[in-house]
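**Q** Requesting a structural model of the entry that follows:
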Amino acid sequence: MGKSWITPFKKQCFVTLGVSLNVGAHGMTNGYAAILIPQLRLPDSIIPINDGSASWIAAILGFALVAGNFIVPTIMAKYGRRTANIVSIVTMIVGWFCIVTATNITALLVARFLQGSAMGMTASLGPVLIGEYTSPQNRGAFLATISLSVSIGVLFVHTLGSCLHWQVAGLVCACLMFFDLLIVLYSPETPSWLSDQGRYEESEKVFRWLRGDNEDEELKRMIESSMITKESRAAVNISESFSKRLRNNLVYFTTTIQKKEFYKPIFIMVHIYTLSQWGGANILAAYTIDVFSNVIGNKFDIYLMVITLGTQRIISNAMAVYIIKKVKRRTMLLATVGINITACLTLAAYTYLKAHNMLPFDLPIIGVLLIHIHMFTIATGTVPLPFIIAGEVFPLEYRSLAGSISIFFLSANFFINVKTFPYFLQTISIYGAYLVYTAIVGYCLLIAYFFLPETKDRTLQEIEDEFRGRPLSPEELKSTQSLTANSYNQDRRCSAPAI
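**A** From the prediction side, this is the model:
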């Protein structure tokens, strides 16, 4: 009677909190550069920096993301989702403590690399954990907390930086991650992974703890599917030699890369991920103070402007969760990115005219308004939509491989974008940077306009058939199932669903 208030929904909230706090560390880590770099530039800084080292502090996350993204699938598959989550949190905590104790640039770069690796792990892990923990009726809302958590993380660290020294702010972030670690330690392993490992009694126990006794049909289907897959894998391992499995895998890979349903989604997502990285989210998180200083000068309280922008991002991100349910993907992408391009062009014109004293009147509020419009398009379009589209355009059979290839381009663009921004400010100024961003985003949007199909309210099979140009024949379907019997289950569980 005393525990009747602890409902399955509240248990799902508890385990999701452990995931969301970890995902929120993405925002804290990326946004931390905006408070770290300006303080390190002060004359009395214990670690003096120049523009080159400052750009490395912000951009090294892009390298590390790739490392984390390739490490985590093995941990997830072999040791479990919960273990992988613990590894990512511990890595992030170590990174924060390395920052707190850093006395030179090398230590800072090592710390940022550790943080970026943890971010790469969580990027793939977070959606999988939430998807396997939560019930179907709550899953969409819980998955929506991922992008919202990132926005809250950016605002949180920017607020800390407005009133605390960068080392103290880092210590606060480390303590928050330690609290997250405690939540995860008290969270169970996911029922899906336990079932996949043949630990059916534990899987059923955890499933009922999370879901109650009203979803027996899903539990039954999950265990039956795991049993069949486990038997199929065992049969393949027994009947085939290593050399034969190697030849089959090579044939499978060679055949796969020639399929339209494989390379077309990758081509599209490379451009959409590029669009997302050059749309302005990175510079407004990592170089917020620099952007405000170059656009409006120092006539306002810059830290107040930073906090206000972070608040607006959270509100806009929350709005996007509702809008995405109602509006078609292509329509929303074209509309929000179109406004993004317009905002960047207007910012370029405004800052150019201001720099050359050509404005008939100079009202800094105009620059503030333009930056907020820019952020609105980021929070509602260029940040959430690419991850949603990525979860829909990749066929299930290839999602792990195709997703990894696409994420590599996302990480590369992240690094180049953040690394080059200080150089742009020195050479072509803020208005030149905005023109470069406009050109890149405009080109990527044009590719999306011609090649991206509408994915809302369509099954993955329908989308795959459109890329292929026809449905699979029964013979092709049978061949595909035999080729992927040994790898399909791992790909399906290790791939990230739409956010």
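**Q** Any stretches of the stretch 1-150 of the chain with poor pLDDT?
**A** 1-4, 140 (pLDDT under 70).
**Q** What is the burial count for Ile99?
**A** Neighbour count of Ile99, defined by other C-beta atoms under 10 Å: 26. C-beta coordinates here come from the backbone N, C-alpha and C atoms, glycine included.
**Q** Who are the contact partners of it?
**A** With C-beta atoms under 8 Å, 6 or more residues apart in numbering as the criterion, the residues that contact Ile99 are Leu36, Leu108, Ala111, Arg112, Gln115, Trp166, Gln167, Gly170.
**Q** what helix or strand is it on?
**A** helix 81-100 (DSSP states H and E).
**Q** what's the answer for Leu114, then?
**A** Per DSSP H and E: helix 105-133 holds Leu114.
**Q** And that helix, what does it pack against?
**A** helix 8-40, helix 51-79, helix 81-100, helix 136-163, helix 191-196, helix 399-427, helix 488-494 (3 or more C-beta pairs under 8 Å, 6 or more residues apart in numbering; DSSP states H and E).
**Q** Would you pull up how far that helix lies from the middle of the chain?
**A** 10 Å (C-alpha atoms, centre = their mean, to the nearest Å).
**Q** Next: stretch 45-57.
**A** 26 Å.
**Q** How far does it stretch from one end to the other?
**A** By C-alpha to C-alpha, to the nearest Å, the extent of stretch 45-57 from end to end equals 15 Å.
**Q** and if you look at stretch 386-404?
**A** Start-to-end, stretch 386-404 (C-alpha to C-alpha) is 14 Å.
**Q** Check the average confidence over it, would you?
**A** Across stretch 386-404, the average pLDDT comes to 72.
**Q** Also stretch 296-305?
**A** 81.
**Q** Report the contact partners of Val418.
**A** Contacts of Val418 (C-beta under 8 Å, 6+ apart): Ala33, Ser55, Ala58, Ala59, Leu61, Gly62, Asn282, Ile283, Ala286, Tyr287.
**Q** For Ala281, see how far away it is.
**A** 10 Å (C-beta to C-beta, to the nearest Å).
**Q** where's the nearest residue to Leu359 once chain neighbours are set aside relative to Glu261, distance?
**A** Excluding its sequence neighbours, the residue lying closest to Leu359 (C-beta to C-beta, 6 or more residues apart in numbering) is Leu353, at 5.0 Å. Per C-beta to C-beta, Leu353 is found 48 Å from Glu261.
**Q** Can you pick out the residue with more neighbours from these two?
**A** Glu261 (21 against 14).
**Q** pretty sure the more buried one is in contact with Ala402, am I right?
**A** No: the pair Glu261 / Ala402 is not scored as a contact, 9.5 Å apart, by C-beta atoms under 8 Å.
**Q** what is in contact with the two at once?
**A** Pro395.
**Q** any residues touching stretch 445-452, and which ones?
**A** 264, 267-268, 271-272, 275, 329-330, 333-334, 337-338, 341, 389, 393.
**Q** hmm, which of those are the buried ones?
**A** Among the contacts of stretch 445-452, those scoring as buried are 264, 268, 271-272, 275, 329-330, 333-334, 337, 341, 389, 393 (criterion: 16 or more other C-beta atoms under 10 Å).
**Q** Which two of those have the greatest separation?
**A** The most widely separated members of the buried ones among the contacts of stretch 445-452, counting by C-beta to C-beta, are Lys264 and Ile341 (24.6 Å).
**Q** if I read this right, Met119 contacts Ala64, doesn't it?
**A** Yes: Met119 lies in contact with Ala64 (C-beta under 8 Å); the separation is 7.2 Å.
**Q** between these two, which one's more packed in?
**A** Shown here are Met119 and Ala64; by other C-beta under 10 Å, Met119 has more neighbours (27 against 23).
**Q** Against Ile49, how distant is the more buried one?
**A** From Met119 to Ile49 the distance is 22 Å (C-beta to C-beta).
**Q** which residue of the protein sits farthest from its center?
**A** Within the chain, the residue lying farthest from the chain centre (C-alpha atoms, centre = their mean) is Pro360, at 42.5 Å.
**Q** now the helices: where do they sit in the stretch 151-300 of the chain?
**A** 166-185, 191-196, 200-211, 216-239, 242-256, 260-278, 281-286, 288-296 (DSSP state H, counting those that start in this stretch).
**Q** Using JSON lines, please lay out those helices together with distance to Val157.
**A** JSON lines is the format used below for these (distance: least, C-beta to C-beta, whole Å):
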{"stretch": "helix 166-185", "distance to Val157": "7"}
{"stretch": "helix 191-196", "distance to Val157": "32"}
{"stretch": "helix 200-211", "distance to Val157": "31"}
{"stretch": "helix 216-239", "distance to Val157": "39"}
{"stretch": "helix 242-256", "distance to Val157": "41"}
{"stretch": "helix 260-278", "distance to Val157": "20"}
{"stretch": "helix 281-286", "distance to Val157": "9"}
{"stretch": "helix 288-296", "distance to Val157": "11"}
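**Q** Could you tell me the least trusted of these?
**A** Across those, the lowest-scoring stretch is helix 216-239, with a mean of 64.
**Q** which stretches of the stretch 301-450 of the chain have low pLDDT?
**A** Using pLDDT under 70, the stretch 301-450 of the chain drops low at 391, 396-400.
**Q** Could I get the full set of helices for it?
**A** Taking DSSP H, counting those that start in this stretch as the criterion, the stretch 301-450 of the chain carries its helices at 302-326, 329-355, 364-377, 384-393, 399-427, 429-451.
**Q** ok, how many other residues are close to Thr112?
**A** No Thr there; residue 112 is Arg. Neighbour tally, Arg112, other C-beta under 10 Å: 26.
**Q** same question, the one 5 residues further on
**A** By the criterion of other C-beta under 10 Å, Ser117 has 26 neighbours.
**Q** nearest spatial neighbour of it, skipping sequence neighbours?
**A** Nearest to Ser117 is Gly68, by C-beta to C-beta, 6+ apart, at 4.0 Å.
**Q** quick one on the thing from earlier: can you pull the buried residues of the helix holding Leu114?
**A** So helix 105-133, judged by 16+ other C-beta under 10 Å, has buried residues 105, 108-133.
**Q** That helix to helix 399-427, inter-axis angle?
**A** 140 degrees (axes from the mean of the first three to the mean of the last three C-alpha atoms, to 10 degrees).
**Q** Please tell me I have it right and Val306 contacts Asp290.
**A** No: under the criterion of C-beta under 8 Å, Val306 makes no contact with Asp290, lying 10.8 Å away.
**Q** Mind checking which of the two has more residues around it?
**A** The residue with more neighbours, out of Val306 and Asp290, is Val306; 24 against 19, by other C-beta under 10 Å.
**Q** what's near enough to touch the more buried one?
**A** Ala34, His158, Ser162, Thr288, Ile289, Phe292.
**Q** any idea how far the second one is from Ala320?
**A** In other words, His158. In terms of C-beta to C-beta, His158 sits 20 Å off from Ala320.
**Q** just the last one next, same as before
**A** Taking C-beta to C-beta as the measure, Phe292 and Ala320 are separated by 23 Å.
**Q** What is the burial count for the residue nearest to Asn294 when sequence neighbours are not counted?
**A** With sequence-adjacent residues excluded and distances taken as C-beta to C-beta, 6+ apart, Asn294 is closest to Ile430, at 4.1 Å. By the other C-beta under 10 Å criterion, the neighbourhood of Ile430 contains 23 residues.
**Q** contacting residues around Ile430?
**A** Val291, Asn294, Val295, Leu347, Ala348, Thr351, Phe424.
**Q** Leu109 versus the first one, what's the distance?
**A** This means Val291. 23 Å.
**Q** got it, and the last one?
**A** Taking C-beta to C-beta as the criterion, Phe424 is separated from Leu109 by 22 Å.
**Q** Ok, the fourth one next?
**A** Counting by C-beta to C-beta, the gap between Leu347 and Leu109 amounts to 31 Å.
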